[in-house]
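Trainee: Provided below are the primary sequence and the corresponding predicted coordinates.
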Amino acid sequence: MKAKINRDLISETKPQTTPLEIYDTDLKGFTLRIQPSGATSFIVRYRLPNGKQTRHTIGQYPVMSAAKARGEALKILSGLIDGTDPAKKVVAPKEYTLFSFIDEVYAPWAEAKVNQKDGKATVRRLKASLPEFHDKKLTEINAENIEKWRTNRSNSGKKATTINRDLTALKACLSKAVMWEHLQSNPLSGVKPAKVDNNSRVRFLSEQEEVSLMAAIDSRDQRIKAERTSGNEWRKVRKLSPMRDLTPLPFADHLKPMVLVSLNTGIRWGELVALTWDRIDFNNANLTIDGTTAKSTKTRHVPLNSIALSALKSWEEMSDGEIIFPGRDGNTLDNVNKAWGAVLTEAKIDKFRWHDQRHHFASKLVMAGVDLNTVRELLGHSDLKMTLRYAHLAPKHKADAVEKLVGNGQD
């Protein structure tokens, strides 16, 4: 196959069941090779002075761009003029340490949202959890030293679930190193995650805690509005333009509507802050989680109860952008840690993370008698295993099952 090798061609060409080679129409010998796995390499083919055909791998995409690869191919082919073998002039590929590979190769790929939804967080996780591997070469990482790392992490008090996430991130990183031909094979392919109790106790709010939480949020709203009114009085005396009057508005800022939506839909933080107004169907009372922002990568539709629907309608009156809950710069909101922590402190609620609102949503549904499969669909779990952690909150069906034994001939 012949075509002009460039970025557009690479993005439009899908891997085949066998290796695919594309020969450049502008530079003879410049070749693109796409493996069935998706690994994409730039190759230069040429004939040696003795007449023998040979080829040399220039680099891998996306670590090397098509334009740069073309330039490197041209340099190598130009070397044929003096009658020498260009391959003998090629510098040996760089041998990366784990962190240099992450910084120079993996991070640029992972942080492109088209490749990973939260690549920056993945890179932060890798570097924060593996400091002792900072200068260790990729080829020096093996199952033995990773098992020691895992044991040390566990002994230092890290939870098995956290260590498993760190391990998963590292294995994925090394898989890319294999795909891009910096490693022959993934040394951690046989390392299994630690077993964890997925049915352990989940944190949800008691009725009193829920009342206290909303009271603290309302109190915060009132304080912010009062401070804005006082500030505008100060500005008026000094003949300065007033800021927006918050007094008649339903919310002082984004925190309260975000909490109301989270508690009543169970959507994840990343799904919440990625929501745009075109994903809200007010007429049919539902919101759509796009597959590009969903953890499962599958689009799902979440019904809105009266509380969530009312909160979004009221917030829409205050909103003036495409993103429903944007950050200060209009882009994706990073966190509400300070405001959330202050509210929990005022409400005297301990050990309740933002993500626990999702557990609260699921727990309340189960305790209200909603079947686990429906809860699974609402949460966007890919299978029932994750949803089973809430099963103990609905013991009645188990009690009913064993009660059927009564009167069936048993003494």
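Mentor: Arrived safely.
Trainee: When you work out contacts or count neighbours from here on, use the C-alpha atoms and nothing else.
Mentor: OK.
Trainee: Return the backbone torsion pair for Asp281.
Mentor: phi -110, psi 90 (degrees, to the nearest 10).
Trainee: I should have written Leu287 there, sorry.
Mentor: As for Leu287, its main-chain torsions (degrees, to the nearest 10) stand at phi -120, psi 150.
Trainee: Tell me, how many residues neighbour the nearest residue to it once chain neighbours are set aside?
Mentor: Nearest residue to Leu287, sequence neighbours excluded (Cα to Cα, 6 or more residues apart in numbering): Ile280, at 4.5 Å. By the measure other Cα atoms under 10 Å, the count of residues near Ile280 is 21.
Trainee: again with Val237
Mentor: When neighbours are counted by other Cα under 10 Å, Val237 registers 8.
Trainee: check contacts around it.
Mentor: Neighbour list for Val237: empty [criterion: Cα atoms under 8 Å, 6 or more residues apart in numbering].
Trainee: In terms of pLDDT, where does it sit?
Mentor: For Val237, the pLDDT comes out at 93.
Trainee: Repeat that for Ser212.
Mentor: Ser212 is assigned a predicted lDDT (pLDDT) of 96.
Trainee: can you pull the buried residues of whichever helix or strand it is part of?
Mentor: According to DSSP states H and E, Ser212 maps onto helix 207-237. Within helix 207-237, the residues scored as buried using 16 or more other Cα atoms under 10 Å are 209-210, 212-214, 216-218, 220-222, 224-226, 228-229, 232.
Trainee: Give the residue spans of the stretch 101-250 of the chain that score low on pLDDT.
Mentor: Residue ranges of the stretch 101-250 of the chain with pLDDT under 70: 113-117, 197-201.
Trainee: Helices along that one, start to end?
Mentor: 107-110, 119-129, 143-155, 160-179, 207-237 (DSSP state H, counting those that start in this stretch).
Trainee: ditto for the stretch 301-411 of the chain
Mentor: Under the criterion DSSP H, counting those that start in this stretch, helices of the stretch 301-411 of the chain are mapped to 306-318, 337-347, 356-367, 372-379, 384-387, 396-403.
Trainee: ok, the residue nearest in space to the middle of the chain - contacts?
Mentor: Most central in the chain under Cα atoms, centre = their mean is Asp118, positioned 3.4 Å from the mean C-alpha point. For Asp118, the contacting residues are Ala110, Glu111, by Cα under 8 Å, 6+ apart.
Trainee: try Asp221
Mentor: Counting by Cα under 8 Å, 6+ apart, Asp221 touches Phe251, Ala252, Asp253.
Trainee: Which residue is the nearest non-sequential neighbour of Leu188?
Mentor: Leu188 sits nearest to Ala143 (Cα to Cα, 6+ apart), 5.6 Å away.
Trainee: How is the closest residue to His301 other than its chain neighbours assigned, secondary-structure-wise?
Mentor: Leaving aside its chain neighbours, His301 sits nearest to Thr288 (4.5 Å; criterion: Cα to Cα, 6+ apart). At Thr288 the chain is in strand, as set by DSSP: H, G, I helix; E, B strand; the rest coil.
Trainee: So Thr288 versus Lys364, what's the distance?
Mentor: 22 Å (Cα to Cα, to the nearest Å).
Trainee: Count the neighbours of Arg244 for me.
Mentor: Neighbour tally, Arg244, other Cα under 10 Å: 10.
Trainee: follow-up on the earlier one: compare the contacts of Asp221 and tell me which has the most neighbours.
Mentor: For the contacts of Asp221, the largest number of neighbours (other Cα under 10 Å) sits with Ala252, at 22 neighbours.
Trainee: From Phe251, how far out is the closest residue to it other than its chain neighbours?
Mentor: The shortest distance from Ala252 to any non-neighbouring residue, by Cα to Cα, 6+ apart, is to Asp221 (5.1 Å). With the distance defined as Cα to Cα, Asp221 ends up 7 Å from Phe251.
Trainee: so Trp315 makes contact with Leu255?
Mentor: No. Counting by Cα atoms under 8 Å, Trp315 sits too far from Leu255 to count as a contact (10.6 Å).
Trainee: For Val44, name its beta-bridge partners.
Mentor: Here Val44 shows beta-bridge partners Phe30, His56, assigned using DSSP bridges.
Trainee: so who does it touch?
Mentor: Applying Cα under 8 Å, 6+ apart, the residues near Val44 are Gly29, Phe30, Thr31, Arg55, His56, Thr57, Ile58, Ala73, Ile76, Leu77.
Trainee: So among those, which ones count as buried?
Mentor: Buried, going by 16+ other Cα under 10 Å: Gly29, Phe30, Thr31, His56, Thr57, Ile58, Ala73, Ile76, Leu77, out of these.
Trainee: As a check, name the ranges of all strands in the stretch 1-150 of the chain.
Mentor: Remark: strands assigned in the stretch 1-150 of the chain by DSSP state E, counting those that start in this stretch are 2-3, 20-24, 30-34, 40-47, 53-61.
Trainee: Dump these to TSV, plus distance to Ser319 and mean pLDDT.
Mentor: Putting the strands of the stretch 1-150 of the chain into TSV (distance: least, Cα to Cα, whole Å; pLDDT from 0 to 100) gives the following:
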stretch	distance to Ser319	mean pLDDT
strand 2-3	48	92
strand 20-24	50	93
strand 30-34	46	92
strand 40-47	44	88
strand 53-61	41	84
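Trainee: Need those strands in JSON lines (columns: distance to Phe101).
Mentor: Formatted as JSON lines, the strands of the stretch 1-150 of the chain follow (distance: least, Cα to Cα, whole Å):
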{"stretch": "strand 2-3", "distance to Phe101": "31"}
{"stretch": "strand 20-24", "distance to Phe101": "27"}
{"stretch": "strand 30-34", "distance to Phe101": "22"}
{"stretch": "strand 40-47", "distance to Phe101": "18"}
{"stretch": "strand 53-61", "distance to Phe101": "14"}
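Trainee: what about Pro257, how many neighbours?
Mentor: Residues within reach of Pro257, counting by other Cα under 10 Å, total 22.
Trainee: Tell me the predicted confidence for it.
Mentor: Looking at Pro257, its pLDDT is 97.
Trainee: With that, I have no additional questions.
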